[in-house]
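Novice: one predicted model, sequence on top.
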Amino acid sequence: MTAEILWETGARADREAIFRYLYQEAGLPVASATDDKLVSMVSILRENPLAGVKAGKTAKQRKLVVPRFPFIIVYVAEKTAVRILRILHTSRKIAGRYGKR
């Protein structure tokens, strides 16, 4: 089964902020490569929504660690869709930032 990917407002804002920061600090190639990696990891969830591990207070909330990058993708796997909630930097204090779902 292929799940639809839905980017929540917080995740879209996180992705844009990550791109802008990396573009400013390291240039377009680094910002683009990072964004490509995030999109690639999210596309894994299209075919395998349970690829991440359980996270948060609800059974549906999960997180997917991005290998070799300091980011965690927080999402909810539903029957026909995967909702991307946030993309968080691993150095941030993330308790309570997943959002109430």
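Specialist: Great, that's in hand.

Novice: show me where the protein has its strands.
Specialist: Counting by DSSP state E, the chain has strands at residues 4-7, 53-54, 61-65, 71-77, 81-89.

Novice: taking strand 61-65 as reference, get the angle to the last one.
Specialist: Here strand 81-89 points in a direction 50 degrees away from that of strand 61-65 (axes from the mean of the first three to the mean of the last three CA atoms, to 10 degrees).

Novice: what packs against strand 81-89?
Specialist: Judged by 3 or more CB pairs under 8 Å, 6 or more residues apart in numbering; DSSP states H and E, the packing partners of strand 81-89 are strand 4-7, helix 9-26, helix 28-47, strand 71-77. Heads up, the C-betas are built off the backbone N, CA and C, glycines and all.

Novice: nearest spatial neighbour of the residue most central in space within the chain, skipping sequence neighbours?
Specialist: Among the residues of the chain, the one closest to the centroid is I73, at 2.5 Å (CA atoms, centre = their mean). Taking CB to CB, 6 or more residues apart in numbering, and ignoring the residues beside it in sequence, I73 has L64 as its nearest neighbour in space, at 4.4 Å.

Novice: for A33, see how far away that neighbour is.
Specialist: In this structure, L64 and A33 are separated by 18 Å, where distance is defined by CB to CB, to the nearest Å.

Novice: more crowded one of those two?
Specialist: Legend: neighbour count by other CB atoms under 10 Å for L64 and A33, higher for L64 (22 against 13).
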